[in-house]
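Student: Predicted structure and sequence below. I'll ask about it afterward.
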Amino acid sequence: MSLEARIARLEAYQAIERLIADLGHGFDSGPSATLLRGLFTADAVFTIDGYGVLAGADAIADGVAGNADTGFRWTLHYLVSPRIDLSADGRSAAVAFMLWEAATAASGRAYWIGGSYAATAVAAEDRWRFASLTLGADLISHYPEGWHDKPAALDQA
């Protein structure tokens, strides 16, 4: 493989890692339909465990953003341990990464969520985008104590 091809593959890996990071930011920014819309192809499919399927970039962005009123109104996503298997031509990739999330439901209840994502990413003219994204939620656990405000000072031992 030529040096140019090797560099192109490294740049693709880096761009896909950025795509994963941008997904977390889009989820945690309200969520932001504007941020999310640009992360998916026009015909993308997002399968949310057993909770539903959203088809198309607009439906995904609007559906996730609209979920704040009935689902989770606040989230903090940690998307970690990405595995990126780039195709031979470098134009698509099978992607897998893990999820650890703190969330507050519209009801005000706090939850811990853990699971994994499987995705297909494709190179577009301007950036990499998800063509498919599937969430497998292995853990959705209510945290009865709920979240607390950040203390003014940390305890001193």
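Tutor: Happy to help now that I have it.

Student: show me where this structure has helices.
Tutor: 3-28, 33-37, 57-66 (DSSP state H).

Student: contact partners of the shortest one?
Tutor: With C-beta atoms under 8 Å, 6 or more residues apart in numbering as the contact definition, helix 33-37 has outside contacts at 22-23, 25-27, 29, 57-58, 60-62, 64-65. From N, CA and C alone the C-beta is placed, and that goes for glycine too.

Student: just to revisit the earlier point, which of the helices of the chain sits closest to residue 126?
Tutor: Of all these, helix 3-28 sits nearest to residue 126, with 10.6 Å by C-beta to C-beta.

Student: Counting by contacts, list what the closest one packs against.
Tutor: Helices and strands touching helix 3-28, by 3 or more C-beta pairs under 8 Å, 6 or more residues apart in numbering; DSSP states H and E, are helix 33-37, strand 72-86, strand 92-105, strand 110-123, strand 128-143.

Student: for the fourth one, which positions count as buried?
Tutor: For strand 110-123, the neighbour count (16 or more other C-beta atoms under 10 Å) marks 110, 111, 113, 117, 119, 120, 121, 123 as buried.

Student: so where's the protein uncertain?
Tutor: Within the chain, the segments meeting pLDDT under 70 span 156-157.

Student: how does it look with 80?
Tutor: Flagging of the chain using pLDDT under 80 yields the residue ranges 155-157.

Student: nearest residue to the most centrally placed residue in it other than its sequence neighbours?
Tutor: Centroid-nearest residue in the chain: residue 23, 4.0 Å away (criterion: C-alpha atoms, centre = their mean). In space, and not counting its chain neighbours, residue 23 is closest to residue 39: 5.8 Å by C-beta to C-beta, 6 or more residues apart in numbering.

Student: any idea which of the buried residues of strand 110-123 is closest to residue 72?
Tutor: residue 111 (7.6 Å).

Student: wait, doesn't the closest one sit right on residue 141?
Tutor: Yes. Proximity of residue 111 to residue 141 meets the contact threshold set by C-beta atoms under 8 Å, at 6.5 Å.

Student: Give me the residues contacting stretch 139-156.
Tutor: 102, 104, 108, 109, 110, 111, 112, 113, 114, 115.

Student: Nearest to residue 43, out of these: which one, please.
Tutor: residue 115 (24.4 Å).

Student: From residue 127, how far off is the closest one?
Tutor: Using C-beta to C-beta, to the nearest Å, residue 115 is found at 25 Å from residue 127.

Student: Now tabulate the helices of the chain in JSON lines and tack on distance to residue 153.
Tutor: Below are the helices of the chain laid out as JSON lines (distance: least, C-beta to C-beta, whole Å):
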{"stretch": "helix 3-28", "distance to residue 153": "26"}
{"stretch": "helix 33-37", "distance to residue 153": "34"}
{"stretch": "helix 57-66", "distance to residue 153": "36"}
